[in-house]
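S.K.: need a structure here:
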Amino acid sequence: MKATFILALALSAGSYAHALSDKAIYARCYSQLTGTVVPFSDSLYKEVIAGNRTGVDACKSLLQLANMDASGNLKNTDSRATLIVNNFYQFHRTWFPTANKEQITGYRAEFESNTDKFIDMSEPALYLTRNLFTGDAYRNVLSGTTRLEGKRVNDPAAKTGSLSYLNADGSIVSPGMQMVPYMFMTGKGAIKSINESSASFVLQNYAIPGLGRTASVNGAAMNAGAEGSVDFYANQGGGILGTRAFFLLNSGHPQGQVFDGALKVPRKWSKTAMESMLCLSLPSLREADVLQYLDATSVAPFRQSSSCIRCHASMDQAAYTSRNLVVSLTVDVINGNGVPLNTKSIMIGKFKPSVASVSGWSSQTVTDFQKQQPTGVLMFRSNADGQLIKQSVSGVEGLGKAMADTNDFYQCAAKRYFQYFTGINVSLYDRSDPANVSLNKSTTAREAADRKFVEDLGQELRSTQSLQKLIESIISSSYYRSANFSDTGK
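M.R.: You can find the predicted model right below:
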């Protein structure tokens, strides 16, 4: 009750005035950083009241309480640090529309409920949160094969769990016979650190539904080029894009689906990547950009319509970079051997890229597409300047690096943080597109100013590579000092 009163008191002076007092600025900031109301006892708040700090300066110090060392451990034990880390972790989870195991296409609770004990479905949000507080270059969230683990306050000392899986000889390992490193379910307690995970568990055999077991000599899986053994915990490259959670939640196809280059590709995965990390709304291409891809003889109906191709040219060509992946299982059938039905896990299986890729974007199904080198194309019209981005890439890692080299990547982060701190949702779209002339005309001066501010923030982020500096720029702005988040104070 007392904390609620102090926030109301601090904001009352700015409710109808143009500018907030330093006390009100800090009260606003404290609430947004921690997710709680500032208490009378807060040490930084006392300094602001005494006139020893400005509200903005105290806010920056509050944010820095949550800084982590290079390993992802909090640098101090202040309770506010944990509140801040967990508040931003929840904010970063909103960037990704799919975040629960039930959203994996084909998920069956009676068989695969074990999955999120070994795959943290919020790992993409862990990437962003760790990046914010370690000060790592922002571009790196879309690079590398690092696996992250959010360590929580109520984690047990022994982080292992029971998983049923296949031996190389086809026998089933029952849970309890060997304990496998846990990654723990999402949301089980407050996060206290975000560390690189050393967990590794190489499976010498696994099941691809529809093809069978990968170690079966001359079996369908082996003949299709499946990797005989894979690390259950492996990241496929591209940082967030190659996490097990991001691929499995967004593959958009049932277990065992082998991609064919035309009808069946993981386009939901690439679409979600563009929406989450670039703030793209498809279609982002113009009709003139895609006419070359029209093919009246294609097996894919969408290749016969330019309006459909405007989306698919972006999604499908980027999806080619993950053609070698397949949604698989640690074990297939469990037939009365005393093993509980729900002790298997969904996983990422792989095919060996052993032959050259088909040239370009195929309008016909491609034989052995899953065996080919995972080349693709990142193609879209930039919301930042309307330029056509069309870059050849190789693999998930190449796609991630290409995305991180666009202005849209930084502008998107700026838009999301600006909206979080001000409530202003800036519309990002290609203003140079003739189809958007009427939209441009209807844009108010205030909306144009908001967008210009977000664009400038994006350019600053590209230069500094620091999410924390991005936040500092927002809370130092005239927007943040205004009672109604108006840069003009109106």
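
S.K.: pLDDT weak spots in this protein?
M.R.: Applying pLDDT under 70 to the predicted model, the residue ranges of the chain that meet it are 1-17, 156-160, 174-188, 334-341, 487-490.

S.K.: could you redo the last one with a cut-off of 80?
M.R.: Low-confidence segments of the chain, defined by pLDDT under 80, are located at 1-18, 154-162, 174-189, 333-342, 487-490.

S.K.: buried set for stretch 281-291?
M.R.: Of the residues in stretch 281-291, those buried under the neighbour-count criterion (16 or more other CB atoms under 10 Å) are 283-286, 289-290. Where C-beta positions appear, they are placed from N, C-alpha and C, glycine not excepted.

S.K.: and those residues, which two are furthest apart?
M.R.: In these, the most distant members under the criterion CB to CB are 284 and 290, with 11.0 Å between them.

S.K.: what do the two both touch?
M.R.: In the contact map built from CB atoms under 8 Å, 6 or more residues apart in numbering, the residues linked to both residue 284 and residue 290 are residue 310.

S.K.: just checking, which of the buried residues of stretch 281-291 belong to helices?
M.R.: When the buried residues of stretch 281-291 are checked against helices (DSSP state H), the matches are 289-290.

S.K.: now the buried residues of stretch 281-291 as TSV including distance to residue 431?
M.R.: Supplementary listing: the buried residues of stretch 281-291 in TSV, determined by distance: CB to CB, whole Å:
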residue	distance to residue 431
283	16
284	13
285	15
286	13
289	16
290	20
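
S.K.: just give me the closest of the buried residues of stretch 281-291 to residue 258.
M.R.: residue 290 (26.6 Å).

S.K.: list the contacts for the closest one?
M.R.: Going by CB under 8 Å, 6+ apart, residue 290 touches 306, 309-310, 313.

S.K.: just give the closest residue to the residue nearest the centre of the chain, not the sequence neighbours.
M.R.: Compute the mean C-alpha point of the chain, and by CA atoms, centre = their mean the closest residue is residue 124, 4.1 Å away. Excluding the flanking residues, the one nearest residue 124 by CB to CB, 6 or more residues apart in numbering is residue 240, at 4.5 Å.

S.K.: would you list the phi and psi of that neighbour?
M.R.: The main-chain torsion angles of residue 240 are listed as degrees, to the nearest 10 and equal phi -50, psi -40.

S.K.: coming back round to it: just the ones of the contacts of residue 290 in strands?
M.R.: If you go by DSSP state E, these have nothing in strands.

S.K.: ok, so of the residues you listed, who is nearest residue 319?
M.R.: Top of the list for closeness to residue 319, among the contacts of residue 290 and by CB to CB, is residue 313 at 11.1 Å.

S.K.: what about the residue nearest to the centre of the chain, distance to residue 325?
M.R.: 16 Å (CB to CB, to the nearest Å).

S.K.: ok so, going back, and the residue nearest to residue 124, how many neighbours?
M.R.: Other residues near residue 240 come to 26 when the count uses other CB atoms under 10 Å.

S.K.: go on, residue 211?
M.R.: Burial of residue 211 is recorded as 20 neighbouring residues (other CB under 10 Å).
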